[in-house]
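Asker: Here's a sequence, model it:
(one chain, ligands or ions: 1)
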Amino acid sequence: MYNKLIKEAIDAREKAYCPYSNFKVGAAVLFEDNNIYSGCNIENASFGATNCAERTAIFKGVSKGLRKIKALAVIGDTDDYTYPCGICRQVISEFAESQDIKIFIVKNENDYIETTLEKILPGSFTKKDLVK
Ligand code: THU
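Answerer: Residues are numbered from 1 along each chain as shown. Alright, predicted model coming up:
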């Protein structure tokens, strides 16, 4: 069921713009309308302006009017598993349909870890914490 999501993350990685790190990342996000938006990391000579693959994919969907993430897949560029960075975990949390959405940490189409947002970002700070 999530094979397409994983495949789209793998394909998106090929578009990575990463002349500084040479570390390609791809991500794909399943939104509430069951469409998948994918993205890659986009680096910048001013390193802090770099955008991670997960946020590229999320922002594509959000900018189309979507608001709820149902699942996300990410793949890095080593023989190991690449987990989302802290900033991306926070951005996933902002739009996650629930804390137990599935997160796929992908090595290849046949080798991935299935985890949840709650597991990789416990005790998260969300909009509910802003209520006085
Ligand atoms: N990167 C991502 O795209 N996602 C992550 O979750 C971790 C890091 C990118 C940013 C940068 O282009 C490269 O990987 C090295 O940090």
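Asker: helix or strand for the residue sitting nearest the centre point of the chain, which one?
Answerer: In the chain, the residue lying closest to the centroid (Cα atoms, centre = their mean) is Glu54, at 3.0 Å. Element membership for Glu54, per DSSP states H and E: helix 53-62.
Asker: just Lys107 next, same as before
Answerer: Counting by DSSP H and E, Lys107 is found in strand 102-108.
Asker: Report the buried residues of that strand.
Answerer: Lys102, Ile103, Phe104, Ile105, Val106, Lys107 (16 or more other Cβ atoms under 10 Å). C-beta here means a position set from N, CA and C on the backbone, and glycine is covered the same way.
Asker: do stretch 12-26 as well
Answerer: Ala12, Arg13, Ala16, Cys18, Lys24, Val25, Gly26.
Asker: likewise stretch 85-105?
Answerer: Applying 16+ other Cβ under 10 Å to stretch 85-105 flags Cys88, Arg89, Val91, Ile92, Ser93, Phe95, Ala96, Ile101, Lys102, Ile103, Phe104, Ile105 as buried.
Asker: burial of Val74, as a residue count?
Answerer: Counted with other Cβ atoms under 10 Å, residues neighbouring Val74 total 30.
Asker: Please name the spatially closest residue to it (chain neighbours excluded).
Answerer: Leaving aside its sequence neighbours, Val74 sits nearest to Ala27 (Cβ to Cβ, 6 or more residues apart in numbering; 4.6 Å).
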